[in-house]
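**Student:** Sequence plus the predicted model coming up.
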Amino acid sequence: MKQIVEKAIPGYKPDQVFKPIDFMLLDYQMPKKTGIQVVMEAREYFKKTAQTYDKLEEPVYVFLTAFATPSFKKHLKESLDVRLVYEKPIHLEQLKIIFEQNTWSGLTSSITFLDLNN
């Protein structure tokens, strides 16, 4: 994450919103950390970095999980302010919509979605 933000720094303009990462697509269970740990670490990093870069915006955090119980969704919303939680399996069309709704307009045209089931 740090490398992504640092690559975006040359484009930083103090009078504009600085959002180097549009959104982070996370799973609750990942190989080295949980999605919750990633959100907490990202928030801490963005909090520290915001002291240097005015108008720094955090990414939108999107969870894909097999554990989308009402209590888990409530925990994400109330404890971490994560509002986008989708239950797996997720269909390719749903994933495209998530990308389109959470990225700046020109980005999704450069993303290729492959449906490995077909």
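**Tutor:** Yep, it's here.
**Student:** can you give me the strands for the chain?
**Tutor:** Ranges of strands in the chain, per DSSP state E, are 23-27, 60-65, 84-87.
**Student:** Make JSON lines out of those strands and add distance to residue 43.
**Tutor:** Where C-beta positions appear, they are placed from N, C-alpha and C, glycine not excepted. Conversion of those to JSON lines gives the following (distance: least, Cβ to Cβ, whole Å):
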{"stretch": "strand 23-27", "distance to residue 43": "11"}
{"stretch": "strand 60-65", "distance to residue 43": "9"}
{"stretch": "strand 84-87", "distance to residue 43": "16"}
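**Student:** Deepest in the core, which of these is it.
**Tutor:** Counting by mean count of other Cβ atoms under 10 Å, strand 60-65 has the highest mean neighbour count of the strands of the chain, with a mean of 21.
**Student:** quick one on the thing from earlier: export the strands of the chain to CSV and tack on distance to residue 11 and mean pLDDT?
**Tutor:** Shown next, in CSV, are the strands of the chain (distance: least, Cβ to Cβ, whole Å; pLDDT from 0 to 100):
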stretch, distance to residue 11, mean pLDDT
strand 23-27, 18, 86
strand 60-65, 19, 88
strand 84-87, 26, 88
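**Student:** No further questions, thank you.
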